[in-house]
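Visitor: build me a structure from this.
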Amino acid sequence: MSIRFKKVVKVLVSIMVFALVISAVYPLVVILNIRIKTEAEKKLLFEKTDHEALLQACRKLMVEKRQGKWQKDCYDLKTPGYEELPRVILELNPMDVCISENVVTVSMYIRQGICVYGDDYKPLNPQAPLGKKELIPGLWYYEAD
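Guide: Sure thing, here's the model as predicted:
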């Protein structure tokens with residue numbers, strides 16, 4: 001074997017080792033980032049958000065939906081009208097906000113968020129919980145397991 005061929009093989013082996021290390025470490029970094037972001041959002045929601053203001057803002061959205069103000073069912077950063085959502089909701093940096101006449105869902109990062117139900121809401125299964133934790137009467141936190 002020539003010296004040039006050995007150098008090429010060495011470089012290729014180094015590149016493959018580097019690629020293996022990156023492919024092994026990258027998923028761990030992603031998972032850690034998701035966990036950090038999820039915990040930060042929980043802290044924002046649980047400790048720094050005015051729950052009563054959030055509840056009232058969601059109930060107002062339901063009324064406005066009945067009045068025809070909100071034409072779409074869900075709003076995200078790209079949806080026209082997103083920036084018109086109440087400030088208390090936007091401060092949660094939601095992935096999307098879904099508005100119906102009886103339910104408002106504010107979805108945060110990775111399958112967690114809040115739900116507010118109208119007074120006349122009738123769940124399909126009355127025995128099923130409306131969320132994982134009731135923050136105040138009428139304001140539910142949900143989190144997918």
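Visitor: tell me how many other residues crowd Val116.
Guide: Neighbours of Val116 under the rule other CB atoms under 10 Å: 23. C-beta: built from backbone N, CA, C; applies to glycine.
Visitor: so it sits in a strand?
Guide: Yes: the assignment for Val116, made by DSSP: H, G, I helix; E, B strand; the rest coil, places it in a strand.
Visitor: pull the contacting residues for it.
Guide: Leu54, Leu55, Cys58, Arg59, Met62, Val103, Val104, Gly138, Leu139, Trp140 (CB atoms under 8 Å, 6 or more residues apart in numbering).
Visitor: and if we set it to 7 Å?
Guide: If a contact means CB atoms under 7 Å, 6 or more residues apart in numbering, then Val116 has Leu55, Cys58, Arg59, Val104, Gly138, Leu139 as its contacts.
Visitor: tell me the pLDDT of the fifth one.
Guide: Right, Gly138. Confidence at Gly138, expressed as pLDDT, is 88.
Visitor: so it versus Cys58, what's the distance?
Guide: Gly138 is 9 Å from Cys58, where distance means CB to CB, to the nearest Å.
Visitor: which one of the two is surrounded by more residues?
Guide: Set Gly138 next to Cys58 and count neighbours by other CB under 10 Å: Cys58 wins out with 25 against 19.
Visitor: go ahead and confirm that one touches Val104.
Guide: Yes: judged on CB atoms under 7 Å, Cys58 makes contact with Val104 at a distance of 4.0 Å.
Visitor: and the protein, split by domain according to the record?
Guide: 1-48, 50-143 (automatic domain parsing).
Visitor: hey, which of the ones you listed is tucked in deepest?
Guide: Highest mean neighbour count of those: domain 50-143, a mean of 15 (counted as mean count of other CB atoms under 10 Å).
Visitor: ok, which stretches of this protein are helices?
Guide: Along the chain, the stretches classed as helices by DSSP state H are 3-43, 51-66, 87-90.
Visitor: between those, which one is nearest to Tyr121?
Guide: Taking CB to CB, helix 51-66 is the member of these nearest to Tyr121, at 9.5 Å.
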